[in-house]
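Peer 1: Here is a sequence together with a model predicted from it:
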Amino acid sequence: MIMADHTFHSPLCRISWTDVVHGTQHSSFGLDEEVELRFGLDLDQSFWSSFETSQFFAQFCVYRFGDLVKRFDHNGDTRLQLPGAPATQIWLGLALGRAGQAGSGLVQFRPQIFFLRQNSSIGNLNAEFAAAPHDHTFMVDSFSPVGGGFDGESLVGGVGIPDGTPTPEE
């Protein structure tokens, strides 16, 4: 059995940063503003050669006062549907049509991801996982002007760190 080298991730992947954005805005949003809940994922170079087939399961969890209020799940084939694959530094995001879909008031975002991996000679391999080590707190202002937002969600992402996102060192 391979043990996780940290509480929040297994040996081949880790979440390096989190962010919640609308354009250049990063902390407070109106109920009807579009937002993205984002996180950076660092994958060990050996991750991509460690399996023949794999499925990813990304969970974008939102908490209020420590209680889970909403969980958005996205999954698919790791090589074909994970945005940014097969890079070693990628970002994933959940684009919401309205910030209010995540709740209202002061809320916390904490993403997690896990990978089920298979190999034809061994069968199922040890799962790889990562969870954000800290909550990312943001405000959804229920007193903001009502706009033309719509309920909707989609998985977005790419390679590296998207423009406007503070690097983990900032």
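Peer 2: Everything's here; your move.
Peer 1: How about Ala85: what's its closest non-neighbour residue?
Peer 2: Excluding the flanking residues, the one nearest Ala85 by CB to CB, 6 or more residues apart in numbering is Arg79, at 5.6 Å. For the C-beta atoms, the positions are set from N, CA and C on the backbone; glycine is no exception.
Peer 1: Please list all residues in contact with the one you found.
Peer 2: Going by CB atoms under 8 Å, 6 or more residues apart in numbering, Arg79 touches 48, 54, 85-86.
Peer 1: ok, so of those residues, who is nearest Phe114?
Peer 2: Nearest to Phe114 out of the contacts of Arg79 is Ser54 (CB to CB; 10.3 Å).
Peer 1: List the buried residues of the helix or strand harbouring the closest one.
Peer 2: Following DSSP states H and E, one finds Ser54 within strand 53-64. For strand 53-64, burial by neighbour count (16 or more other CB atoms under 10 Å) applies to 54-64.
Peer 1: again, but for stretch 33-45
Peer 2: Neighbour-count burial for stretch 33-45 flags 33-43 (criterion: 16+ other CB under 10 Å).
Peer 1: so what strands line up beside the worst-scoring helix or strand of the chain on mean pLDDT?
Peer 2: Least confident helix or strand, the chain: strand 153-159 with a mean of 87, by mean pLDDT, DSSP states H and E. If you go by DSSP bridges, strand 153-159 pairs up with strand 89-96 (antiparallel).
Peer 1: these two touch, right, Val21 and Glu34?
Peer 2: No: in terms of CB atoms under 8 Å, Val21 does not count as a neighbour of Glu34; the distance is 9.7 Å.
Peer 1: Just say helix, strand or coil for the most far-flung residue of the chain relative to its centre.
Peer 2: Largest separation from the mean C-alpha position in the chain: Ser121, at 31.3 Å (CA atoms, centre = their mean). Here Ser121 is recorded as coil under DSSP: H, G, I helix; E, B strand; the rest coil.
Peer 1: With Gln108 instead?
Peer 2: Put simply, Gln108 is strand when judged by three-state DSSP.
Peer 1: Which residue, neighbours along the chain excluded, lies closest to it?
Peer 2: What sits nearest to Gln108 in space, not counting adjacent residues and going by CB to CB, 6+ apart, is Asp135, at 3.6 Å.
Peer 1: Hmm, that neighbour is touching Pro111, no?
Peer 2: No: applying CB under 8 Å, one finds Asp135 not in contact with Pro111, separated by 10.2 Å.
Peer 1: okay, the two: which has more neighbours?
Peer 2: Pro111 (24 against 15; other CB atoms under 10 Å).
Peer 1: With that, I have no additional questions.
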